[in-house]
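Peer 1: I would like to see how this sequence folds:
(one chain, ligands or ions: 2)
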Amino acid sequence: MKEQLFQEYYRNAPTAVNVPQIREQWLALAPPYDVDHWLLPLPVWGQRPYDHTGAEAWQTLRADLAVAPSDRPFCIYLHIPFCSSKCHFCDCYSFKLGGYRAEHIQNYVNRLCDELRLWSRQGNLSRRPVSTVHMGGGTPTFLGEAALAQIVGCCHAHFAITEDTEWALESTVESLTPGMIATMHRSGYRRLHLGVQSLEEPVRAAIGRRRPVAELLDRVEQTLALGWVVSVDLVCGLPGQTLAGFVAGIQTLAAVGVNGFSLYELLIYPQNQKWAESSGLARRSHVPNYFMFQAGASVLAGNGFGRSLFNHWADGRDQNIYFTFPTRGEDCLAVGTIADGVMGDYHYRHPRYAAYMRQCGPEQPGLQGGLRRTAVESALLPVRTAVLSGAIPQQLALALQSVPVNGQSLLHHWQQQRLIQPDAADGFVLTANGGWFAGNMVRQWQFLAEQANQMTDPARLC
Ligand SMILES: C[S@@+](CC[C@H](N)C(=O)[O-])C[C@H]1O[C@@H](n2cnc3c(N)ncnc32)[C@H](O)[C@@H]1O
Ligand code: SF4
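Peer 2: Ligands and ions are numbered 1, 2, ... in the order given. Prediction:
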């Protein structure tokens with residue numbers, strides 16, 4: 001059955017896809033690694049309730065920041081929830097503004113600036129090095145040039161932004177006009193995360209992407225010519241997608257010089273369930289999406305891209321995405337609605353838009369809640385960070401060797417399932433299987449570590 005599914009899917013696979021290698025990985029999978037039981041990697045706050053209310057969390061963070069080391073770098077994440085329209089397939093926290101658009105934008109930007117100012121007054125945060133400022137969403141470029149410039153000015157006014165700070169934003173092609181690119185370049189932006197989703201015209205039509213592919217490629221070339229790092233998002237599992245079209249899309253984007261690729265599987269949540277049903281995707285199998293993901297990984301590896309996150313492939317210029325802040329030992333100052341940040345071992349999160357706008361002000365950031373990692377959660381963290389970043393250093397590999405599963409070590413188990421493979425330099429790296437199953441691997445590690453009752457001495461875990 002497994003073999004048959006495989007042969008059917010890859011019968012006419014483009015030559016750039018390393019079919020024998022994918023077959024080996026597919027056939028190696030055995031329970032609990034089942035493609036239809038894929039798990040999302042969850043942050044600590046997604047696994048248990050908050051320890052503190054928003055107000056308590058803020059008091060705790062203030063006390064922590066008062067004694068935090070002044071040389072510990074951090075990144076800034078700003079969440080912009082607005083878009084010109086809500087795409088039916090989208091599961092992000094984003095929405096279309098109704099009337100009074102300019103006022104809503106201005107009010108939100110003012111809140112962000114209030115919040116940035118407030119954080120900058122805590123401890124030595126205003127003097128600590130800022131590695132990256134990343135604007136995510138939603139569609140940050142939807143704010144328009146003046147509002148974006150206000151946020152940039154606010155960051156400069158309150159934090160130790162240097163020439164080494166990398167400025168990054170997420171955008172659609174629609175709002176990335178030449179004028180926007182020029183303004184953002186003058187403001188210091190040098191990284192773009194472009195939501196491409198697919199280059200196949202029928203797929204683009206099905207998900208409401210109206211801009212022609214030629215325009216998209218033109219914007220990519222413009223930003224590359226300015227020296228930006230350009231990363232694109234592609235989704236596996238969209239309606240009407242074909243393997244040949246998916247692979248051709250990657251090749252086209254690689255040929256114009258794109259530096260990084262994030263590959264997502266289409267997630268179906270209550271917010272896009274109706275659309276999924278009307279597109280015939282509600283009772284889908286994940287297997288074709290896994291096959292497409294595998295093919296993408298294989299083509300990217302063949303084009304010289306390495307992995308810098310479980311679902312992200314990068315060339316030598318694309319090494320500093322904000323998502324990998326834990327691997328760099330940084331904190332994350334997250335600002336804006338639903339943004340979640342980490343300061344030391346304390347995690348916090350903001351509420352949804354209406355509550356954020358009500359609660360955030362010059363005296364408090366209007367948090368939803370916060371929690372401190374327990375000793376056990378902290379002990380589990382290095383393996384989680386390593387798996388999600390795609391590389392397991394030798395020292396952690398040794399720790400995994402002492403965790404038993406089905407009469408073998410977890411390290412061996414993962415190798416046997418072709419989730420990891422030895423790295424040429426040191427330790428292990430995730431395979432494409434590992435990229436797909438990163439969330440399952442983290443969960444399995446957590447479960448086994450708890451089961452083995454190694455929790456009595458968390459230091460033994462890393
Ligand atoms: C925060 S969105 C911002 C991108 C930008 N607004 C755009 O649409 O081009 C980041 C990425 O999440 C991915 N995404 C959105 N909805 C998704 C879903 N239902 N399943 C998987 N990935 C999704 C898309 O690839 C998107 O580019
Ligand atoms: S895919 Fe992008 S543009 Fe579309 S609703 Fe989601 S965040 Fe907005």
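Peer 1: for the rest of this, base every contact and every neighbour count on C-alpha atoms.
Peer 2: Noted.
Peer 1: what sits up against stretch 109-129?
Peer 2: The list of residues contacting stretch 109-129 from outside it, by Cα atoms under 8 Å, 6 or more residues apart in numbering, reads 62, 65-68, 70-74, 78, 147, 150-151, 154-155, 158-162, 335-336, 357, 360-365.
Peer 1: just the buried ones from those?
Peer 2: Those of those that meet the buried threshold are 62, 65, 68, 73-74, 78, 147, 151, 154-155, 158-161, 335-336, 357, 360-362, 364-365, by 16 or more other Cα atoms under 10 Å.
Peer 1: among those, which are located in strands?
Peer 2: If you go by DSSP state E, the buried ones among the contacts of stretch 109-129 have 74, 78, 335 in strands.
Peer 1: what sits against the first one?
Peer 2: With Cα under 8 Å, 6+ apart as the criterion, the residues that contact Phe74 are 128-132, 325, 330-333.
Peer 1: could you do Phe261 as well?
Peer 2: For Phe261, the contacting residues are 231-234, 312-314, by Cα under 8 Å, 6+ apart.
Peer 1: which of the residues you listed has the most neighbours?
Peer 2: Scoring these on neighbours with other Cα atoms under 10 Å, the highest-scoring entry is Ser231 at 27 neighbours.
Peer 1: find the nearest non-adjacent residue to it, please.
Peer 2: Gly260 (4.2 Å; Cα to Cα, 6 or more residues apart in numbering).
Peer 1: check Thr183 too.
Peer 2: With Cα to Cα, 6+ apart as the criterion, Thr183 has its nearest non-adjacent residue at 6.7 Å, and that residue is Glu145.
Peer 1: and Ala16, by the same measure?
Peer 2: Looking at Ala16 with Cα to Cα, 6+ apart, the closest residue is Val299, at 5.9 Å.
Peer 1: ok, so what distance separates that neighbour from Asn12?
Peer 2: 15 Å (Cα to Cα, to the nearest Å).
Peer 1: try Gln415
Peer 2: Note on Gln415: its distance to Asn12, by Cα to Cα, is 29 Å.
Peer 1: one step back: can you give me the pLDDT of the residue nearest to Thr183?
Peer 2: We have a pLDDT of 91 for Glu145.
Peer 1: for it, give me phi and psi.
Peer 2: Main-chain dihedrals, Glu145, degrees, to the nearest 10: phi -70, psi -40.
Peer 1: now do the helices in the stretch 1-150 of the chain.
Peer 2: Per DSSP state H, counting those that start in this stretch, the stretch 1-150 of the chain carries helices over the ranges 2-10, 19-28, 44-47, 54-66, 101-120, 145-158.
Peer 1: then the residue nearest to Ala16 would be within a helix, right?
Peer 2: Yes. Assignment of Val299 by DSSP: H, G, I helix; E, B strand; the rest coil places it within a helix.
Peer 1: distance of the most centrally placed residue in the chain from His312?
Peer 2: Nearest to the mean C-alpha position of the chain, counting by Cα atoms, centre = their mean, stands Phe323 at 5.5 Å. Per Cα to Cα, Phe323 is found 10 Å from His312.
Peer 1: before we move on, what about Tyr290?
Peer 2: According to Cα to Cα, Tyr290 stands 15 Å off from His312.
Peer 1: give me the element the residue of the chain found nearest ligand 1 is part of.
Peer 2: Using Cα to the nearest ligand atom, the closest approach of the chain to ligand 1 is made by Gly195 at 3.0 Å. Counting by DSSP states H and E, the element that carries Gly195 is strand 189-197.
Peer 1: who does that strand pair up with?
Peer 2: With DSSP bridges as the test, strand 189-197 is paired with strand 166-171 (parallel), strand 229-236 (parallel).
Peer 1: export these to CSV and tack on mean pLDDT and distance to Ala379?
Peer 2: Formatted as CSV, these follow (pLDDT from 0 to 100; distance: least, Cα to Cα, whole Å):
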stretch, mean pLDDT, distance to Ala379
strand 166-171, 95, 30
strand 229-236, 98, 32
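Peer 1: and those strands as a markdown table, adding distance to ligand 1?
Peer 2: Shown next, in a markdown table, are these (distance: least, Cα to the nearest ligand atom, whole Å):
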| stretch | distance to ligand 1 |
| --- | --- |
| strand 166-171 | 5 |
| strand 229-236 | 4 |
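Peer 1: which one of the ones you listed lies closest to Phe447?
Peer 2: Closest to Phe447 of the strands paired with strand 189-197 is strand 229-236 (Cα to Cα; 28.9 Å).
Peer 1: now for the residue of the stretch 351-462 of the chain found nearest ligand 2, how many residues are close by?
Peer 2: Among the residues of the stretch 351-462 of the chain, Tyr353 lies closest to ligand 2, at 14.7 Å counting by Cα to the nearest ligand atom. A count of nearby residues for Tyr353, using other Cα under 10 Å, gives 17.
Peer 1: check Pro202 too.
Peer 2: Pro202: 14 surrounding residues under other Cα under 10 Å.
Peer 1: mind telling me what element it is part of?
Peer 2: Following DSSP H and E, the helix or strand that holds Pro202 is helix 201-206.
Peer 1: residue numbers of the stretch 101-250 of the chain in contact with ligand 1?
Peer 2: The stretch 101-250 of the chain comes close to ligand 1 at residues 136-139, 170-172, 194-197, 233-235, as judged by Cα under 6 Å from any ligand atom.
Peer 1: show the pLDDT at Met455.
Peer 2: Model confidence at Met455, expressed as pLDDT, equals 50.
Peer 1: separation between the closest residue to Val230 other than its chain neighbours and Ala424?
Peer 2: Using Cα to Cα, 6+ apart and skipping the chain neighbours, the partner closest in space to Val230 is Leu192 (4.9 Å). Separation of Leu192 from Ala424 (Cα to Cα) stands at 30 Å.
Peer 1: between these two, which one's more packed in?
Peer 2: For the pair Leu192 and Ala424, the greater number of neighbours falls to Leu192 (26 against 8), based on other Cα under 10 Å.
Peer 1: that one against Gly227, yeah?
Peer 2: No. Counting by Cα atoms under 8 Å, Gly227 is not a contact partner of Leu192; they are 10.8 Å apart.
Peer 1: Asp426 belongs to a strand?
Peer 2: No. Per three-state DSSP, Asp426 lies outside any strand segment and is coil.
Peer 1: apart from its neighbours in sequence, what residue is nearest Glu265?
Peer 2: Using Cα to Cα, 6+ apart and skipping residues adjacent in sequence, the residue nearest Glu265 is Cys236, 4.8 Å away.
Peer 1: what about that neighbour, neighbour count?
Peer 2: Cys236, neighbours per other Cα under 10 Å, totals 24.
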